[in-house]
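Trainee: what shape does this take:
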Amino acid sequence: MTKVYVNDVEVFMKQGSTALQACEAVGIEVPRFCYHERLSIAGNCRMCLVEIEKTPKPVASCAMPLMEGMKIYTDTPLVKKAREAVLEFLLLNHPLDCPICDQGGECDLQDQALVFGSDRSRFYETKRTVEDKNYGPLVKTIMTRCIHCTRCVRFATEIAGIEDLGATGRGNETEIGTYIGSTMKSELSGNVIDLCPVGALTSKPYAFTSRPWEIKNSNSVDTSDGLGSNIRIDFRGTEVLRILPRLHEDINEEWISDKTRFAYDGLKRQRILHPYESWVHSFPNFYELSWEDVFSKYHDGVSTFLSKDPSSIRMSIGGDSNLETILAAKDLSHTLGIRNLEYKSFNSLLDNTSRNNYSFNGTIGDIENADTCLIINTNPKYDATLLNARLRKRFLKGNFSVGLIGSYTDLTFPFTHIGSSIEALIQVVEGKHSFCKKLMSGSNVRVIFCNEGEVNTFSAEIFYELKDKLASLLLDIKSIKTTLSYLHTGANTVGALDLGISQSVNTTPQVNYFIDSGDYLRINLFSSNIETKFWLKAQNSSPRSRVNTRFLYQGHHVDARRPEPSCMLLLPGAAFTEERSLYVNTEGRCQKANRIFKPAYSIRENWKILRAFGNGSTKEWYSPTYNTYKELITRLEKLVPSVQNLDSLTDSESLTFINNKQMYNKDLLSSFSPLVAQIDNYYTTSFITRASQTMAECSSSFLKKVNF
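Mentor: Predicted structure coming up:
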């Protein structure tokens, strides 16, 4: 520890700390523009000047390391005059366009000029102008306002892992931009908007929309992937205006992905506002119904199928569903005797007897302690963007080896591409690949495995057996601390597994069964992606088998790839901004998403719709034990322990594998087909993103195909 004095107040700091950190430790705010806690030190702006005893002139506190007995002063006349001079120089070429600047009201330059600046300017010459740059459809640039703090340049290089941004020119000719005039191609590019201390980089979709004092905000959770990033939703009335990150060190730190930040405009497009019905002879025309008619038709239809064959009813739950909806669907299916209840995301070969067999087994931040990482069947850059940023952060510290088995892609850090098929996994298990030496020489090994990627039907069982075999081999070596992490792309996959919903989608048997029977009922909750192959095959069947189909969909958006059964009911469910929701992320951490505003039109909360099915007619065959949201949460607390301890992780049991299967049979691998990435188009992965105009522009501007 180093003892220093700040304004004659004694403080002890860690070795290597700076003068600015010492000032903050005693509660003194030091103005700054270029300094940021998560970026390297640049010392560009000189705004953080302080006076140090026995130094001839003020020094930049952000770049000044502490020494024993150092005396720092932040309120002397010299410091005040120096800060006024720095601000005067920064404002020489900065345009006075605050009334039309989107940063107005939350601008660091405005605030610091008011507190630390002078009350007049001595500059009357012509201000310089800089041509605006094209960073793509997300980031708007007004480069004349730029003060060259280089926060955006350091973020792009260090956090995002791209080297597109930089400074050109010298002195008064200095400009920040891309070297060859290309767009900023990164899944984290929107974070430079938060980092920019002036209005040089702002949000294009949010441009000229509102002022900070006109909007309200509420805390929520990101549902675009399985990490559960903490976000803040700004809204006015019943319209979401923007989404910003919230600080959470264990998950997203203070960053969010572009898909999380900019897809909010999809919340107001292609919405289901009323219950609708469609028949095959009038498709695609829909007829509006009342909720009373919907409940009556639902009861009559379900009762008919239950009396004939309960196995002809299948209920699918989408990956965006919250815990409340999943529990209500489970109770409904259990009461009615519907055994075919499936969740969209995970594979049926997953062992859900213990939470260690399907959760991340630790925090995302624990990756920073690993020295070796093996990534299997996932592309973290697309499947979990903030996880990829964590891996890069660990790489920058040094002595970090990464191996990838799966579709080749750029992960923003060096890695060894072992192979793209199950054959590569066999080589690692048998110790025939050179990366095995790094695995065995590591002391803290992290194996990240995505359970939701597509695996060839004939080799899926062998793939899972190989994965378990590899984990058990590493666990047997006592000198290696091995952690097997399951990465889920669904927002609530772990929550569904906690509730005991383990059956998954296996397209081919379902299609053959239902087409042959020609008479079935399909109930979908927030689920349509898994239906695409199903309906493509169903359309090739005989007309008679399609006439007898029934389809009920409950959700907030109509997908362009909707099926064409003989009868379809569309029920308007609430989006995650319109209902109180609980989500369990891939770590097993339960988090709460607040309701931003109440749903409009005929939209209802999803668990209430499922609950009301029991009271919608005289047929009382569904009577759950909860009637209010509080009673529903009480039931959830009994079934899911993490609900009782929000935003915390429960203690995990020791990870073990009991493998009673025979060793994999190579003869069954007639062809080594590649492991296909889970996400092919990063910007259109859910109902909301597919309805977003901003994401459509990103898809056309940035899309790169990653699959074969």
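Trainee: in stretch 1-20, what counts as buried?
Mentor: Neighbour-count burial for stretch 1-20 flags 2, 4-6, 11, 13, 17-20 (criterion: 16 or more other Cβ atoms under 10 Å). Quick note: C-beta positions are derived from backbone N, CA and C, even for glycine.
Trainee: chain center to that stretch: distance?
Mentor: Chain-centre distance of stretch 1-20: 38 Å, with Cα atoms, centre = their mean, to the nearest Å.
Trainee: do stretch 242-259 as well
Mentor: Mean-position distance between stretch 242-259 and its chain equals 8 Å (Cα atoms, centre = their mean).
Trainee: what residues sit buried inside it?
Mentor: Buried residues in stretch 242-259, defined by neighbour count with 16+ other Cβ under 10 Å: 242-246, 248, 250-259.
Trainee: farthest-apart pair in the residues you listed, please.
Mentor: Arg242 and Asp250 (24.4 Å; Cβ to Cβ).
Trainee: please identify which of the buried residues of stretch 242-259 is nearest to Ser321.
Mentor: Using Cβ to Cβ, Lys259 comes nearest to Ser321 of the buried residues of stretch 242-259, at 18.7 Å.
Trainee: okay, the closest one: pLDDT?
Mentor: If you check Lys259, the pLDDT there is 94.
Trainee: close enough to count as contact, it and Tyr683?
Mentor: Yes. Counting by Cβ atoms under 8 Å, Lys259 touches Tyr683, with 6.2 Å between them.
Trainee: what residues are shared contacts of those two?
Mentor: 689, 695 (Cβ atoms under 8 Å, 6 or more residues apart in numbering).
Trainee: the residue nearest in space to the middle of the chain: what secondary structure?
Mentor: Note on the chain: the residue nearest the mean C-alpha position is Asp225, at 4.1 Å, using Cα atoms, centre = their mean. Here Asp225 is recorded as coil under DSSP: H, G, I helix; E, B strand; the rest coil.
Trainee: counting contacts, what elements does the helix or strand hosting Asp111 pack onto?
Mentor: Per DSSP states H and E, Asp111 falls inside helix 108-116. Under the contact definition 3 or more Cβ pairs under 8 Å, 6 or more residues apart in numbering; DSSP states H and E, helix 108-116 sits against helix 77-90.
Trainee: what angle separates the helix it packs on from helix 108-116?
Mentor: Relative orientation of helix 77-90 and helix 108-116, computed by axes from the mean of the first three to the mean of the last three Cα atoms, to 10 degrees: 150 degrees.
Trainee: ok, the closest residue to Pro205 other than its chain neighbours - contacts?
Mentor: With sequence-adjacent residues excluded and distances taken as Cβ to Cβ, 6 or more residues apart in numbering, Pro205 is closest to Thr694, at 5.0 Å. Applying Cβ under 8 Å, 6+ apart to Thr694 gives the contacts 137-138, 205, 262-263, 265.
Trainee: so where does Thr694 fall, helix or strand?
Mentor: According to DSSP H and E, Thr694 maps onto helix 693-702.
Trainee: and if you look at Gly105?
Mentor: Counting by DSSP H and E, Gly105 is found in no helix or strand.
Trainee: neighbours around Glu239, how many?
Mentor: By other Cβ atoms under 10 Å, 15 other residues sit near Glu239.
Trainee: right, I'll leave it there.
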